[in-house]
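J.: only the shape, not the letters, is given here:
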């Protein structure tokens, strides 16, 4: 599926992870904006909420973690519509449940499986159009 004209926000404190996600998403047609922590991501989102079509966020980050970012996005009147995909190396059920309870639309384990990511994006982009 092609997502030309769509913009993704990738929030992760590891530059290497942001670069890897950006590479995957750019190949699908997305424009990608990067943030190094949840607070920076939230500030970018609040500046121009209409710009973003999907958010990918790590969980464990300094300043503001992915759980807090997700909760902020889903409780903000101009941001709640944007789907949030939480990415993490933590794959136990407690992390998944907490992410869903904070409003995450999906949870993808790292390392990212491109075929699974494709399915998650396709489902979320259709359900949020």
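T.: Great, that's in hand. Predicted model, so just to flag it, every value in this text is computed and none were measured. Residues are numbered from 1 along each chain as shown.

J.: now do the contacts for the most centrally placed residue in the chain.
T.: Most central in the chain under CA atoms, centre = their mean is residue 56, positioned 1.4 Å from the mean C-alpha point. Applying CB atoms under 8 Å, 6 or more residues apart in numbering to residue 56 gives the contacts 8-12, 21, 25, 85, 87. Heads up, the C-betas are built off the backbone N, CA and C, glycines and all.

J.: repeat that for residue 67.
T.: By CB under 8 Å, 6+ apart, the neighbours of residue 67 are 59, 86, 98-99, 102.

J.: out of these, which is most surrounded?
T.: In terms of neighbours by other CB atoms under 10 Å, those top out with residue 86 at 28 neighbours.

J.: pretty sure residue 116 is touching residue 110, no?
T.: No: taking CB atoms under 8 Å as the definition, residue 116 is not a contact partner of residue 110, at 11.3 Å.

J.: so which of the two has more stuff around it?
T.: More crowded of residue 116 and residue 110, by other CB under 10 Å: residue 110, with 17 against 12.

J.: the spatially closest residue to that one that is not a sequence neighbour and residue 53, how far apart?
T.: Nearest residue to residue 110 in three dimensions, chain neighbours excluded: residue 89, at 4.7 Å (CB to CB, 6 or more residues apart in numbering). Separation of residue 89 from residue 53 (CB to CB, to the nearest Å) stands at 25 Å.

J.: likewise residue 94?
T.: Plainly put, residue 94 is 29 Å away from residue 53 if you go by CB to CB.

J.: looking at these two, which has the bigger crowd around it?
T.: Each of residue 94 and residue 53 has its neighbours counted (other CB under 10 Å); residue 53 has more, 21 against 8.
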